[in-house]
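Colleague: Fold the following and give me the result.
(2 chains)
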Amino acid sequence: MSARALINVPKTAKRGEVIEIKTLISHVMETGYRHGTNGQMIHRDIITSFTAKYNGEEIFSTQLYPAIAANPFLTFHTVATENGTITFHWEGDNGFEVTEEAKIVVE
Amino acid sequence: MYRLIITRREVLKTSGAVALGAALPGQADALGQMETAIRRVVGEAEIRKGKVTLDLPPLVENGNTVPMTVSVDSPMTKENYVKAIHVFNEKNPQANVISVRLSPRAGKAAISTRMRLAGTQKLMAVAEMSDGTCWSDTQEVVVTLAACLEDLVP
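Modeller: Have a look, this model is predicted:
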């Protein structure tokens, strides 16, 4: 399954600065509460969890429910501590799994 | 003879009481779903009002994507930080909206996302602090076009 993820992390930050991270991933987030044209329930297909790690240390994790709109958009914050990579990991129903990363330079 | 005449005031009083009585069970059910979900997540902790700001547009035209921001007033230090933020709704098929785990590494306890709303309802954000206390904020949202109700178009 191909899913496009957009990540917005500042390229550079000052040490100790609180930075804002925005993520958006393409996904239908089918609730499992809707009927299809044949009258059958459409099975749930959502992203259930999202985690962000800063050089391997977890900085943010969340559990998502069907009440989250299609193409889940998330904004959160973290303290820029050191140069490195922030990895983003989405997991969902039907084996959905996407990992993305972003580099950050801390002065 | 006098007592047999029912005044307009008495009629209003009784009908008012009946209407109130009829409205209560429905309200209790709706609150029940949200309340149960909240208790399942935060346990028996007392939930106080304050510290949390749940920001949503008061009038929503399209319930399929509603921008939502939750911020918590906290210094986010090692001694005093927000452990988790949970958002609950009253009338969607499922009461949970999102659960977020935070650490002092967050620097700022604020998150934004977009959610679905199946009709006009109340939303509640609960923040669990590192000292074990829980704080909350409630918001009423009026929705013109509800999510989840429309079926797929062929």
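Colleague: Strands along chain B, start to end?
Modeller: For chain B, the strands identified by DSSP state E occupy B:47-49, B:52-55, B:59-62, B:66-72, B:82-89, B:96-101, B:110-115, B:121-129, B:134-145, in order along the chain.
Colleague: ok now do the spatially most central residue of chain B, which residues does it touch?
Modeller: The C-alpha lying nearest the average C-alpha coordinate of chain B belongs to B:L123 (C-alpha atoms, centre = their mean; 2.3 Å). The neighbourhood of B:L123, defined by C-beta atoms under 8 Å, 6 or more residues apart in numbering or on different chains, consists of B:54, B:56, B:68, B:87-90, B:97, B:138-141. Just so you know, the C-beta spots here come from the backbone N, C-alpha and C atoms, and that holds for glycine as well.
Colleague: run the last query once more with 7 Å
Modeller: Neighbour list for B:L123: B:54, B:56, B:87-89, B:138-139, B:141 [criterion: C-beta atoms under 7 Å, 6 or more residues apart in numbering or on different chains].
Colleague: what's the answer for B:D55, then?
Modeller: B:D55 makes contacts with B:T69, as judged by C-beta under 7 Å, 6+ apart.
Colleague: Can you check what pLDDT the model gives it?
Modeller: pLDDT recorded at B:D55 is 94.
Colleague: Could you tell me which ranges of the chain sit under the pLDDT cut-off?
Modeller: If you meant another chain, say so; for now it's chain A. Across chain A, the stretches falling below the confidence threshold (pLDDT under 70) are A:1-2.
Colleague: think we crossed wires, I meant chain B
Modeller: With pLDDT under 70 as the threshold, chain B has low-confidence stretches at B:1-31, B:148-154.
Colleague: What separation do you get for A:N94 and B:I38?
Modeller: In this structure, A:N94 lies at 29 Å from B:I38, with C-beta to C-beta, to the nearest Å as the measure.
Colleague: er, B:A125 actually
Modeller: When C-beta to C-beta is applied, the distance between B:A125 and B:I38 equals 10 Å.
Colleague: can you check A:V18 too?
Modeller: Between A:V18 and B:I38 the distance, using C-beta to C-beta, works out to 29 Å.
Colleague: So between these two, which is more surrounded?
Modeller: B:I38 (20 against 14; other C-beta atoms under 10 Å in any protein chain shown).
Colleague: Give me the spatial nearest neighbour of the more buried one, chain neighbours excluded.
Modeller: Beyond its immediate neighbours in the sequence, the residue positioned closest to B:I38 (C-beta to C-beta, 6 or more residues apart in numbering or on different chains) is B:F88, lying 5.6 Å away.
Colleague: pretty sure the one you found contacts B:N96?
Modeller: Yes - shown here, B:F88 and B:N96 form a contact pair, counting by C-beta atoms under 7 Å, at 6.3 Å.
Colleague: What about A:V28, how many residues nearby?
Modeller: 11.
Colleague: give me every residue that touches it.
Modeller: A:45, A:70.
Colleague: Could you do B:I111 as well?
Modeller: Applying C-beta under 7 Å, 6+ apart, one finds that B:I111 lies in contact with A:74-76, B:70, B:85, B:100.
Colleague: Look up which residues are beta-bridged to it.
Modeller: On the basis of DSSP bridges, B:I111 takes part in beta bridges with B:V70.
Colleague: and the residue nearest to B:I38, what are its bridge partners?
Modeller: In this structure, B:F88 has beta-bridge partners B:N96, B:M124, where bridges are defined by DSSP bridges.
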